[in-house]
Every structure is written in structure tokens, then in C-alpha cells.
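A.B. asks: make a model of this:
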Amino acid sequence: LKKIHENIEKNFIKPNMNGIYINSLSLGKSKSEVEPIFAFVEGKSEYPSFFELNYITWYQLKNTGLTIFGKNSNELNFKVNWKDLICEMHENLNDYWHKWNLKIKNKDKISNEELEWSVLGVSRQYYTFIFDEIVSKSEAGEKLLKILPDKFKKIVEEAIGIRQGNIKKLYEFEIERRID
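C.D. replies: Just a heads-up that it's a prediction; the model follows:
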């Protein structure tokens, strides 16, 4: 598994190909209900791990998973309660994203990766809260460009460009980018 992911990382730069490896008895369960798993996260193998064991993962697997063999993903024996998923997203926004903001807000320079992660991560949650639909970070950014006030569009466009591997900067000065 490690070699497979290393090969993927080498050949496909964006987006990162993270992965979790679990057995069928763990599907749909929370971190507190399962044993640690093996995961591949941002180019590194992790064990023990509880990476991505959350309602969003289970919702996406159930509703958009691609079956290679076995049962179709929508036939898997678990359900995801949408209200629980939204509650977990609110907790994530108020915990993880709050801490993330505190971590980067006083940095002199925000890297492209930090900018892309911040802007599109929160955009994805915002999109889900408004439209009750989970889409990719890039898709959330693209769709939000159609409804956001103009003052937010440039930073979202920059984040989408970074995610797509386009390094062309839309900002002449770092301070302008930080303010947005």
C-alpha cells in the first residue's frame, strides 16, 4: 500500500491522494467505535490512525463512492444522518478551523498550500451549509464565485488556481493577499 501511494504521489501532484484502509465492519462508525486504521495522509503512511473517520467520509462513500468489486457503495449497510453530519461540520469549523486561523493569522507570509487549504476548505463547508450538498473543494469554490460578493472573488479564484496547479498570482503584493 505504501508503494502504491508513493507512486501516485509521484505521478499526480494535485490533489493529494489520501486513503484509509478499513474492514467492512467499521463502515459508518465513529472513531470511538473502531480500532485504529492504516491511512496514507499527505504523502506519509500512518498507523495507528483515525484519519477521516467521520460522517462526511461515510456520506461521500455511500453517495458517490465508486465500486471496483463487491456491493455498490449505495447498498452498503450503514446510514448517515444529515443533521449529525452538519453538526460535526459545525464542530469542525469552530474547533479545527478556529485553531488553524490562530496558527496562520500572524504569519508574515501564507504559503500557496495554506491559502488554498484555508480558502477552499472553508468554502466547501460554507457551500454545504447553504445548499445541503457536499462537493469537492474546487467545485465549491467555482460555484461560490457565482454568488459571493465581488470582494471575496479574487481570493477564491487564487485558491482555485493553486489547487489546479496554476501558480500565476492574482495579487501583486503579499499584504493584499493576506488581507483578503
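A.B. asks: what does the helix or strand that contains Ser45 rub up against?
C.D. replies: Secondary structure from DSSP states H and E places Ser45 in strand 44-49. Residues from elsewhere that reach strand 44-49 (CB atoms under 8 Å, 6 or more residues apart in numbering): Leu1, Lys2, His5, Ile20, Pro36, Ile37, Phe38, Ala39, Phe40, Val41. From N, CA and C alone the C-beta is placed, and that goes for glycine too.
A.B. asks: which of those residues fall within strands?
C.D. replies: Judged by DSSP state E, the contacts of strand 44-49 include Ile20, Ile37, Phe38, Ala39, Phe40, Val41 as members of strands.
A.B. asks: list only buried entries from the residues you listed.
C.D. replies: Ile20, Ile37, Phe38, Ala39, Phe40 (16 or more other CB atoms under 10 Å).
A.B. asks: among those, which one sits closest to Asn81?
C.D. replies: Asn81 has its nearest neighbour among those in Ile20, at 20.8 Å by CB to CB.
A.B. asks: what sits against the closest one?
C.D. replies: Ile37, Phe38, Ala39, Phe40, Ser49, Phe51, Glu52, Leu53, Thr57.
A.B. asks: what residues of the host helix or strand of Leu120 count as buried?
C.D. replies: Assigned by DSSP H and E, Leu120 belongs to helix 112-131. Buried residues in helix 112-131, counted by 16+ other CB under 10 Å: 115-125, 127-128.
A.B. asks: biggest separation within those residues, which pair?
C.D. replies: Farthest pair in the buried residues of helix 112-131 (CB to CB) is Leu115 and Thr128. Separation: 20.6 Å.
A.B. asks: flag the shaky bits of the protein, pLDDT-wise.
C.D. replies: Per-residue confidence of the chain (counting by pLDDT under 70) places the weak regions at 13-16.
A.B. asks: give me the residue at the spatial middle of it.
C.D. replies: In the chain, the centroid-proximal residue (CA atoms, centre = their mean) is Gly121; its distance is 5.9 Å.
A.B. asks: quick check: phi and psi on the spatially closest residue to it that is not a sequence neighbour?
C.D. replies: Spatial nearest neighbour of Gly121, excluding adjacent residues (CB to CB, 6 or more residues apart in numbering): Lys137 at 6.5 Å. The phi/psi pair for Lys137 (degrees, to the nearest 10) reads phi -60, psi -50.
A.B. asks: how about Lys137, what does it touch?
C.D. replies: Pro15, Leu120, Gly121, Ser123, Arg124, Arg163.
A.B. asks: same thing but 10 Å
C.D. replies: The contact partners of Lys137, by CB atoms under 10 Å, 6 or more residues apart in numbering, come to 15, 116-117, 119-125, 127, 159-160, 163.
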